[in-house]
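Q: With the input below, show me the fold.
(chains A and B)
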Amino acid sequence: MSYTQRQTPIYSQLCTLLIEDMYGELPARVFTVLDRFGRQRRQDISRASYLEPSQVAHGLIILIQQHLIFHSPATEPTTWYEIDWQQSYALIRVGKIVAFIEERFDKKFAYVASNLLTLGHVSLADLREALFPPSEEEEEVVNGKKANGTKPNGDATSNGQTSLANGTEHGDPDDETLASPEELYGIIQTLMEHGWVIQAAEAQYLSAEEMHNIARQQALNEQWGGSVPTGTKDKDRLAQLIMANKRRIRDTWLEKPTSFPMKRKADDSSYGSRKRTKINGDGSAGGSDQTPEDDLVIRINPEKAAVAMRNRHLVSLVEQRIGDTTARLYEILLRSLEKNIPRCFEEHPDPPPTNVEDQPQWEPNPDHVVNTKDITQRAKMLGVDICEGLDPHYVARVTKTTANKEGVLAQPADHSSLGFHERQELVEAHLELLVIHPLHFVTWHARGQYRVDFDLLSKSLIQQEIETTVLAKKGNKARMVIRALVRKGRVDERQLCNAMMTSPNDVRTLVSDLTLQGFVQTQEVPKVDRREAKLSLHLIWYDTQRARDQLLHNTYKGQVRHLQRIAFEREKVQDLLTKANRTDVAGNETKYLKQTELDDLKKWKEVQEKLLLQLHRMDDLVAVLRDFYGPLLTA
Amino acid sequence: MGSRADMLYEECAKRPEGTTFFQRDLTSMQIARDLNELLNLVADLSNRHLLKPLQFEGEPCWKLRPKDIADKLRRLVPDERLLYQHIDNAHTEGVWSKALRAKTNLAQPTVTKYLKSLESKDLIQAVMSVKTPNRKMYLLKHLKPSEDVAGGPWQNEGDFDSALIEVAAKVVANKVQDETCERVAGSWNSGASGHRQAAIARKKAQVKGVPDIEDALPVQPYYPPIDSGASRLKHKRNPPYPTTIILARYLNESGLLRGKTVRDSDMELLLDMMVMDGTLENVSASTYRTVIPPINQKYNGFVDAPCGVCPVFDLCSDEGPITGRTCAYFAEWLETTSEEL
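A: Predicted coordinates for the structure are as follows:
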């Protein structure tokens, strides 16, 4: 089973709560049955759930449409259903994805994306008809789900509903209305080029196991004519081919159709199409209603959100550790790479070679390299004050002026009037700050080129989060224990005390505390064949993977508690909410509600916002711990 | 004869303290008339514990003992003396009481008793070993325990001297900060501060009228809040980063440690500790710089919420006395009320 598919009771509870919140009780009931009994057939589900078969079917349709469950391939005689845990959790990120797209492109893109998210997957023709209904009366029904094109986020306005897709405020409706189907195509194409939208495929409904079987069968058919090889070498080769097949299947989803319905291309600078795609190309595109690509079924790329989240997390870390201006430049740098990165880590890597000498040499990924020149140019376009956040004496030298002891420049430097070379030097200075930082946010690659080693960074991000958690929970000394153990490996108490320069009494309480919390492990190694405490070595050690799992589990639990608390708080004001949501009251709250009721309503909104915000911040932590890097191997 | 022996002793005492005397040295003092007499004199002095017989590369040699100690030694019972000899042999390393027992074949109570009496006679001292914290090491009273036993400059009586470490860390931290950082006035570049730029940008936008969507940028221009009054700590660009050796020398020259010297390895220990502490960070393997603390420390979503630091988090469940509904910490955080049990 894939690492990201692992599921604990608390995790399944969290997913169930999310589904109930988003899609209501019926899908959640079907979901819980699948959760309790695992892989099921349809009739099993209706037997276990006391639901009518038609109700089960309805629930399954919603779950399938949203990619929340897997089902076995259509070629099989019976269809089995199984939960897609990764996708189920991803419901929490719906709002984030829309916000990310809006931040990178504009509101129209966000509008299209939120529609796509609501629909799960949709063919291009259906999406067009949903957004541009042929006539007003005929509201299009897409795959059983209504897409009425005006309110993509469900009932975002009603007071009582906790809409998790709260990423966008639809303040200015004019801003997001699409002018023509061509514009829609342009947006879809751009989103596909940047990897935010991918093709939906049958294989996405396959569980990890079925996917594996298909990839295996393919490999067997291609290489060994269907029979299973016996030799050790052949077996290794088979394992390799299976992974290669899995990757190939997955990579086809990312492909863009070669002939897109429109003739013009969206602006394709590597920095994202910040410019509106120009509509007034040639008119011939607009006329035809039927295009060959209408059958193209698309969906939002679930893996891309993690990439954007990783970049955002890195930027905020730089903001805290180095400075705002450097963080802005780093953001520019990461954004320019984002297009090339479809996912955070390879879920189907080649199996490691059995002997160490065969280990392939680590090579920097050329996709993760940026030019200083590009960054400098973009910083200029964005008006980033690149003088800020540097050693003033250096700025003074570059701008050929002097600085006094306090760093005050004799001749103020205005970043907007700097020459090209001065600009480049200052940007390099910022990048250097990133290079020498112990976390190595970027690495020097070649002259004028820098590289981001995402894998190394992701690993240290996990460690950072664990340390931050320990620091906040138990204080600086406890963090020192963790850091000392990371440096020294498996040690006994005395060695730990020496590294920390602290007396054993202080260390002992900390260690036992951290052990109880599951961050640190202890071990007893007998020196003689009797198991006597006196004659045993007592070792203390720390394993990042274990601490990571522990913290992840706790975070899920925290999220569940937050959702439960939201439900509880809503329960308390339920009567008021019912009243406020009445059609006559909605919109005229001040007129019909008493002052105390208005206050309560305001309070409830604040409480809900606070809880939701924290829920999403915990999701950020989940992303760091789970989605940026695969399982860490322990020696 | 007694006086001659005393003469020999006096003669030897004139030499620098701790000198080892070989037979040729003693003969050259020309106190004994012949070899036989010399041997008698030496035997006499040895019996009175004024000379300590030793061997160096198979050759017999002697060392002088102070008279008061010799006096005390003469009054010891044989077993005590045996213990004393073993402890003497261990020099500054000291010897563990259990090892003494093994070497002398005495019973444990005897050993304990005599060690106590030796201690009370001011002949030996007991020191807690740093390497093995629960072992008492015995060595002669006038010796300074070796580093293996007593630990480096950071240790005192077998334990870390936390006050000293704290002071030393502070001094080193200040030094590193002086070397790698500088305080920059908030208005260092006042002529072109963010405010002015923001004003320019606004002006531009006004001139252009409605901002065109074509100008919408993926990374929003951002002006950090500038507090012109406050000065901030900034890293210097490419300063000579202080190394372990430089910092060790600095600390030794500061005279802070009162006679103790810090070797490079001791310094490394301290610096490592400070890196783990979060005061310093490594630039390369042996160079350091100050960590500039973030202006507003944020943790993460988990610990900023009540759940992350909740003392009863592990007891919290869907049902029972502690749940999300009855949580006191949520109520405090949200300023609402929780369900009463």
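Q: All the strands of the stretch 351-500 of chain A, residue numbers only.
A: Using DSSP state E, counting those that start in this stretch, the strands of the stretch 351-500 of chain A run over A:369-371, A:443-446, A:449-451, A:491-492.
Q: do the same with chain B
A: Ranges of strands within chain B are B:20-22, B:51-56, B:59-64, B:95-96, B:124-128, B:136-140, B:155-156, B:159-160, B:181-184, B:232-235, B:280-282, B:288-290, based on DSSP state E.
Q: Return the most buried member of the ones you listed.
A: Across the strands of chain B, the average number of neighbours (mean count of other Cβ atoms under 10 Å in any protein chain shown) peaks for strand B:288-290, which reaches a mean of 23. All C-beta atoms are positioned from the backbone trio N, CA, C, and that covers glycine.
Q: Can you give the strand pairings for it, parallel or anti for each?
A: Looking at strand B:288-290 with DSSP bridges, its partner strands are strand B:280-282 (antiparallel).
Q: Touching the partner strand from outside, list them.
A: With Cβ atoms under 8 Å, 6 or more residues apart in numbering or on different chains as the test, strand B:280-282 has contacts from A:H437, A:P438, B:A173, B:V176, B:L271, B:M274, B:V275, B:Y288, B:R289, B:T290, B:V291.
Q: Which one of those residues sits in the busiest neighbourhood?
A: Scoring the contacts of strand B:280-282 on neighbours with other Cβ atoms under 10 Å in any protein chain shown, the highest-scoring entry is B:Y288 at 27 neighbours.
Q: bridging residues for it?
A: B:N282.
Q: looking at it, it is touching B:D272, isn't it?
A: No: the criterion here is Cβ atoms under 8 Å, and B:Y288 misses it with B:D272 at 10.0 Å.
Q: Quick check: closest non-adjacent residue to A:E202.
A: A:P73 (6.8 Å; Cβ to Cβ, 6 or more residues apart in numbering or on different chains).
Q: Just the endpoints, please. Distance across stretch A:76-84?
A: Separation of the first and last residues of stretch A:76-84 by Cα to Cα, to the nearest Å is 19 Å.
Q: before we move on, what about stretch B:129-141?
A: Start and end residues of stretch B:129-141 are separated by 16 Å (Cα to Cα).
Q: circling back: can you tell which of the strands of the stretch 351-500 of chain A is closest to A:G323?
A: Nearest of these to A:G323, taken as Cβ to Cβ: strand A:449-451 at 17.6 Å.
Q: Packing partners of the closest one?
A: Applying 3 or more Cβ pairs under 8 Å, 6 or more residues apart in numbering or on different chains; DSSP states H and E, one finds that strand A:449-451 makes contact with strand A:369-371, helix A:420-436, strand A:443-446.
Q: Could you name the helices and strands sitting against the first one?
A: The reference is to strand A:369-371. Strand A:369-371 packs on helix A:324-338, strand A:449-451, going by 3+ Cβ pairs under 8 Å, 6+ apart.
Q: which parts of the shortest one are buried?
A: This means strand A:449-451. Using 16 or more other Cβ atoms under 10 Å in any protein chain shown as the test for burial, strand A:449-451 gives A:Y450, A:R451.
Q: mean confidence for that strand?
A: The average pLDDT within strand A:449-451 is 91.
Q: Is chain A within reach of stretch B:155-175?
A: Yes: using Cβ under 8 Å from any Cβ of the partner chain, stretch B:155-175 reaches chain A at B:D159, B:F160, B:S162, B:I165.
Q: who's in contact with that stretch?
A: Counting by Cβ under 8 Å, 6+ apart, A:497, A:501-503, B:127-130, B:133, B:150-151, B:153-154, B:242, B:247, B:250-251, B:254, B:256-257, B:262, B:270-271, B:273-274, B:277, B:279-280, B:290 sit against stretch B:155-175.
Q: quick one: the strands in the stretch 201-350 of chain A?
A: Using DSSP E, counting those that start in this stretch, the strands of the stretch 201-350 of chain A run over A:297-300.
Q: domain parsing for the chain?
A: You didn't pick a chain, so chain A it is. What automatic domain parsing lists as the domains of chain A is A:3-83, A:93-279+A:291-301, A:306-352+A:365-452, A:475-542, A:548-627.
Q: actually it's chain B I care about, not the one you picked
A: The record's domain parsing of chain B by automatic domain parsing lists B:2-71, B:89-151, B:153-188+B:227-296, B:301-334.
Q: would JSON lines of these with mean pLDDT be doable?
A: Below are the domains of chain B laid out as JSON lines (pLDDT from 0 to 100):
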{"stretch": "domain B:2-71", "mean pLDDT": "80"}
{"stretch": "domain B:89-151", "mean pLDDT": "78"}
{"stretch": "domain B:153-188+B:227-296", "mean pLDDT": "84"}
{"stretch": "domain B:301-334", "mean pLDDT": "89"}
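Q: need the contact list for A:Y330.
A: By Cβ under 8 Å, 6+ apart, A:Y330 lies in contact with A:L314, A:V315, A:V318, A:L434, A:F441, A:V442.
Q: can you check A:E82 too?
A: With contacts defined as Cβ under 8 Å, 6+ apart, A:E82 is in contact with A:L34, A:G38, A:R39, A:Q40, A:I69, A:F70, A:H71, A:S207.
Q: So which residue is dead centre in chain B?
A: B:W154 (2.4 Å; Cα atoms, centre = their mean).
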